[in-house]
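> Give me the fold of what follows.
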Amino acid sequence: MLNLLRKDFIALRSSLWTIGLYLVVFSLAFIPNIEMSMYFVGIYTAFGSVILATMIDIKNHNHNFLVTLPVSRKNIVQAKYVSAILYTLFGVLASFGIHWLVNLNFPELNKPSYTFMDIMVSIGMVMVLVSIYMPLFYALSKKGAGIINAIFMVALILLAQPFAVLMNTVSEKGVGGQVIAMISIGIIFIFGASYVLTTRLFTRKDL
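Numbering: from 1, shown residues only. Below you'll find the predicted structure:
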């Protein structure tokens, strides 16, 4: 597992500047214009990093190579989901850090004081996106990866404003602890079910 994660990092190392670019571009695009910008910067950066990593796998034919090694396909999928979690944590926490600095240095922007719950909501949103994306990626692979990525990015752009309205409404009305717990359990279940489905799809795939 650790070596598979190292493989992902090594493969992505030459493209790390792209993730930094995501942070800069999304911050400039969302922070001055959207009140709940921390969500968008974190979610877009994290999910963009996941897409970047999968596209590098396709470009370098990594899966074709990995299946020839003494490692199970289940472990290959496990490593991809773990790396997705790491990208998620990086994107969301980096967004939180950027917004913390913005609040300190540019109070005139009147950004809200984001909390631990905002971090968890962002992480949950990315986990749902990954749960939908991974089975599609492993089912279609290089034949449909470009189309899948384009659809997801367009959907994220189109849903940005409605999501902002929804989060503002939820923030104003508040959410009970029981509802939060149920949503959290639901997200974990969806993520786990996605992993099982992706493993089965990849196990049956002819490479």
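> which residues touch residue 191?
By C-beta atoms under 8 Å, 6 or more residues apart in numbering, residue 191 lies in contact with 81, 127-128, 130-131. Every C-beta, even on glycine, is put in place using the N, C-alpha and C of the backbone.
> Taking those together, which two end up most distant?
81 and 128 (13.4 Å; C-beta to C-beta).
> Please give the number of neighbouring residues around residue 148.
Using other C-beta atoms under 10 Å, residue 148 is surrounded by 19 other residues.
> mind listing what it touches?
Residue 148 makes contacts with 133, 136-137, 140, as judged by C-beta under 8 Å, 6+ apart.
> who has more neighbours, residue 81 and residue 128?
Taking neighbours as other C-beta under 10 Å, residue 81 and residue 128 compare with residue 81 leading, 18 against 15.
> for the residue positioned nearest the centre of the chain, what are its contacts?
Nearest residue to the geometric centre of the chain (C-alpha atoms, centre = their mean): residue 47, 3.0 Å. Counting by C-beta under 8 Å, 6+ apart, residue 47 makes contact with 91, 126, 129-130, 133, 152, 156.
> cutoff 10 Å now
The contact partners of residue 47, by C-beta atoms under 10 Å, 6 or more residues apart in numbering, come to 22, 84, 87-88, 91, 125-126, 129-130, 133, 152-153, 156.
> Show me what counts as buried in the helix or strand it falls within.
Using DSSP states H and E, residue 47 falls within helix 37-59. In terms of neighbour count (16 or more other C-beta atoms under 10 Å), helix 37-59 has its buried residues at 37-55, 57-58.
> any weak-confidence spans in this protein?
1-8, 10-12, 60-70, 141-145, 159-177, 205-207 (pLDDT under 70).
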